[in-house]
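Predicted coordinates and the sequence they were generated for:
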Amino acid sequence: MSIGFVGKVKGFILDPTQTLIAHKDERLGDALRYSAILLTIFLAIYGGALNGVIPGLETGVYIAFLSAGLDPPFGADSLASLGIFRVIIASIISIISTIIYGVAILFIAGIIFHIFVYIAGGRKNFSTTIRAVIYAATPSLLFLWIPPLIGLIAIPWSLALVILAIRELHEISTSRAVIATILPIILIFILTALSLAAFIFSDPTITPY
């Protein structure tokens, strides 16, 4: 039974196992709405903490336009002088682009994890893994911006929550959930290191020492 956004956040932070059990059969659409709210909060807090509200909005607009291959509609320092209407438009664009990119990243992560969940013995559908990833992102999206200690533990906190979420939602053992979570991370790390090494040693202008 759903307990609302605030209840979910409190549950995934303070009592993740029971909250996961309570949301074991939640619809994917409800989980996606939860992630959209989290991403909006992340944008508001993270952008404001780094740059202030107006420059943070401007950064979001620039990312949205440049990623779409379009020229930004105004200069680098001009957002503050455009008036409230354009600030609102910038806010909307920034929020929408953040949600789109964030959900895309969650789906990509879900695909990767689902492959290894299946290898580890999980037989529930793909949407179950996506929900696990969404729920586990809660600590990172809420606390990653806080320096120094809380921000540093946000990612491993989310990683531990992925293990719990896969275990509870896919109804597999803890050891299988650990395998399904850790193996793709190790594989991605190895592939990234190999790609970086290949790039360094293939470019004669880069000295590898």
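Alright, I've got the coordinates. Residues are numbered from 1 along each chain as shown.

Do you have the helices of this structure handy? List them.
With DSSP state H as the criterion, the chain has helices at 4-14, 16-22, 28-51, 53-67, 84-119, 126-136, 138-143, 149-170, 174-202.

Buried residues of the last one, list them for me.
Right, the one you point to is helix 174-202. For helix 174-202, burial by neighbour count (16 or more other C-beta atoms under 10 Å) applies to 176-181, 184. From N, CA and C alone the C-beta is placed, and that goes for glycine too.

One more: the longest one?
Of the residues in helix 84-119, those with enough neighbours to count as buried (16+ other C-beta under 10 Å) are 86-87, 90-91, 93-95, 97-99, 102-103, 106, 109-110, 112-114, 116-117.

That one - what's its average pLDDT?
Averaged across helix 84-119, the pLDDT comes to 82.

which helices and strands does it pack with?
With contacts taken as 3 or more C-beta pairs under 8 Å, 6 or more residues apart in numbering; DSSP states H and E, helix 84-119 sits against helix 28-51, helix 53-67, helix 126-136, helix 149-170, helix 174-202.

I'd like to check the angle between it and helix 126-136, please.
With axes from the mean of the first three to the mean of the last three C-alpha atoms, to 10 degrees applied, the angle from helix 84-119 to helix 126-136 works out at 120 degrees.

can you state the direction angle for helix 84-119 and helix 174-202?
Using the same axes, to 10 degrees: helix 84-119 against helix 174-202 is 110 degrees.

Give me the distance between F113 and G102.
As judged by C-beta to C-beta, to the nearest Å, F113 and G102 stand 16 Å apart.

picking that back up, of the helices of the chain, which shows the lowest average pLDDT?
Per-segment mean pLDDT for these reaches its minimum on helix 53-67, at a mean of 56.

What is the neighbour count of the nearest residue to A137 once chain neighbours are set aside?
Spatial nearest neighbour of A137, chain neighbours left out: S158 (5.9 Å); criterion: C-beta to C-beta, 6 or more residues apart in numbering. Close neighbours of S158, defined as other C-beta atoms under 10 Å, add up to 22.

can you pull the contacts of S158?
For S158, the contacting residues are 136-140, by C-beta atoms under 8 Å, 6 or more residues apart in numbering.

For the residues you listed, give me JSON lines that also has neighbour count.
Shown next, in JSON lines, are those (neighbours: other C-beta atoms under 10 Å):
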{"residue": "A136", "neighbour count": "26"}
{"residue": "A137", "neighbour count": "26"}
{"residue": "T138", "neighbour count": "24"}
{"residue": "P139", "neighbour count": "22"}
{"residue": "S140", "neighbour count": "19"}
